[in-house]
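1. have a look at this prediction, sequence included:
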Amino acid sequence: MNVWDELIGQDEATEVLSRAVADAQDAANPGPAMSHAWLITGPPGSGRSTAAGAFAAALQCPDGGCGDCASCRTARSGAHPDVHIVRSDTLSYGVEDARELIVRSAVVPTSGPWHVVIVEDADRFTDDAANTLLKVLEEPPRHLVWVLCAPSAEDVLATVRSRTRSVHLRTPSTGEVAAALHDRYDIDPAMAAFAARASQGHIGRARALARDDNVRTRRQEVLRIPASLRDLPSCFTAAASLLESATEDARSITDELDAREAADLRRAYGEGADGVTAARIDRMASRAMKDLEKAQKSRRTRSVRDQVDRALVDLMAYYRDVLVTQFEGTVPLINDEMRPQIHAEAALCDTAETTARLEALDRCRQALAANGALPLILEGLMVELKDPYVLAR
Ligand SMILES: [Zn+2]
């Protein structure tokens, strides 16, 4: 098994990246298939970070990405000294972050032939930050490889795009995801088929759905929302409980990280060392602690929004199924296990109403991405889902 095997349904991208690796054997004199700056794009869950990690590993591995050696393993986990993985926990990267990245990237590789910098959410660079990066993308140090990841090429500045070589990942088919769940994680075929279908090709989500009862329960709660919207109070209740679940799920991810980071910071300021008092740490670390708390707050906000967005995607799949049923389409339902409820919903309204509900969900996702006030936009959404013509009245 080599590093490329982790990519599901991405033959074309694998071909381009492995040719680059073959041309990168002589770091001092790489061939034309290799480039110093890459842009890996693809929809959420298609495996952008996995592709970037595989590429970094293959560049560092003496065998071009065997998947087993120390270089391959550490490059993918982020522990390789010459592979720097940048993950944004916040909503954007500013100029300061970009400058720090440039300073770090100037370091000559210590063990491998290349210094690889992977930026997992290059779409989160502010315009100023992206402009700061341009120079180093244009004339990178000889051993440096940039691997930027973003949902689509349009998500990064045109000036950044034009200085990178693009690799596009596609959404893997339901069959490919189901087969991967079965082969790699030993998930039984029925559960693998369900998770692949429900996740709509998002591999991480499919794995979570297949392996975690709580994730499946949460999804069920979300899919029960449409039938629960009888009157105005029930709309407000649905909005509040969706937000509450999203906040709870986000906390379960961020709380542990927050505590670990705070402990690391206190240790860095001498906690546990002889003669270092708590008061001294409080005094010395107060500025750094404030910065950390600010970053953590921003991460919590993003995490709640990510959870809400996931629920909205599930609701869109539900109404998409209603629409397919109303058109008597032959394409398979995403929520096949809910067929009776979807048929009942389809009989209650017409295609124009279902389309209006899908549009309301789409607008809600846009408002979410634009940092709208969560309680308000969710309440507005529920009212529109109950009565899609409410705004026209
Ligand atoms: Zn290897």
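-> Looks like it arrived, so ask away.

2. after the longest helix seen in the chain, which helix or strand is next?
-> Counting by DSSP state H, the longest helix found in the chain is helix 278-326. Later in the chain than helix 278-326, the nearest helix or strand by DSSP states H and E is helix 339-348.

3. from the chain's centre, how far out does that next one sit?
-> Relative to its parent chain, helix 339-348 has a centroid offset of 32 Å by Cα atoms, centre = their mean, to the nearest Å.

4. so what does that helix touch, helix or strand wise?
-> On a contact count with 3 or more Cβ pairs under 8 Å, 6 or more residues apart in numbering; DSSP states H and E, helix 339-348 meets helix 225-228, helix 278-326. Every residue, glycine included, has its C-beta placed from N, CA and C.

5. weakest of these in terms of mean pLDDT?
-> Lowest mean pLDDT within those: helix 278-326, a mean of 87.

6. returning to that earlier point: out of the helices and strands packed on helix 339-348, flag the one nearest S18.
-> With respect to S18, and counting by Cβ to Cβ, the nearest of those is helix 278-326 at 31.8 Å.

7. hmm, back to that, what is the orientation angle of the longest helix of the chain with helix 339-348?
-> Between the axes of helix 278-326 and helix 339-348, defined by axes from the mean of the first three to the mean of the last three Cα atoms, to 10 degrees, the angle is 70 degrees.

8. what helices or strands is helix 278-326 leaning on?
-> Helix 278-326 packs on helix 213-223, helix 225-228, helix 232-268, helix 339-348, helix 351-369, helix 374-386, going by 3+ Cβ pairs under 8 Å, 6+ apart.

9. return the most buried member of these.
-> Compared across the helices and strands packed on helix 278-326, helix 374-386 shows the largest average neighbour count, a mean of 19 (mean count of other Cβ atoms under 10 Å).

10. how far off helix 351-369 does that one point, in degrees?
-> Put simply, helix 374-386 runs at 170 degrees to helix 351-369, going by the same axes, to 10 degrees.

11. ok so, going back, report the inter-axis angle for the longest helix of the chain versus helix 232-268.
-> Computed by the same axes, to 10 degrees, the angle separating helix 278-326 from helix 232-268 equals 140 degrees.

12. on that earlier part again, compare the helices and strands packed on helix 339-348 and give me the one nearest C72.
-> helix 278-326 (29.4 Å).

13. low-confidence bits of this protein, can you list those?
-> Residues of the chain meeting the criterion pLDDT under 70: 88-91, 392-393.

14. which bits of it sit near the ion?
-> Within the chain, the positions adjacent to the ion are 61, 66, 69, 72 by Cβ under 5 Å from the ion.

15. got the residues you listed as TSV, with secondary structure columns?
-> Converted to TSV, the residues of the chain next to the ion look like this (DSSP: H, G, I helix; E, B strand; the rest coil):
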residue	secondary structure
C61	coil
C66	coil
C69	coil
C72	helix
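
16. what separates the longest helix of the chain from the chain centre, distance-wise?
-> Its chain's average C-alpha position is 12 Å from that of helix 278-326, according to Cα atoms, centre = their mean.

17. so can I have CSV of the helices and strands packed on helix 278-326 showing distance to V160?
-> Shown next, in CSV, are the helices and strands packed on helix 278-326 (distance: least, Cβ to Cβ, whole Å):
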stretch, distance to V160
helix 213-223, 35
helix 225-228, 39
helix 232-268, 29
helix 339-348, 43
helix 351-369, 20
helix 374-386, 30
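
18. how close does the spatially most central residue of the chain sit to the ion?
-> Closest to where the C-alpha atoms of the chain average out (Cα atoms, centre = their mean) is P44, at 5.6 Å. From P44 over to the ion the distance is 28 Å, taken as Cβ to the ion, to the nearest Å.

19. and the closest residue to that residue other than its chain neighbours, how many residues sit next to it?
-> Closest residue to P44 apart from its sequence neighbours, by Cβ to Cβ, 6 or more residues apart in numbering: H202 at 6.1 Å. H202 has 23 neighbours, counted by other Cβ atoms under 10 Å.

20. domain ranges for the chain?
-> Here the domain parsing of the chain from automatic domain parsing is 3-168, 174-211, 232-251+288-392.

21. now those as TSV including distance to E261?
-> Shown next, in TSV, are the domains of the chain (distance: least, Cβ to Cβ, whole Å):
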stretch	distance to E261
domain 3-168	10
domain 174-211	23
domain 232-251+288-392	6
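
22. ok, L242 - contacts?
-> 222, 225, 308, 311, 378 (Cβ atoms under 8 Å, 6 or more residues apart in numbering).

23. ok so, going back, so what's the residue nearest to P44 up against?
-> 43-46.

24. I figured T159 hits L134, correct?
-> Yes - assessed by Cβ atoms under 8 Å, T159 is found in contact with L134 at 5.9 Å.
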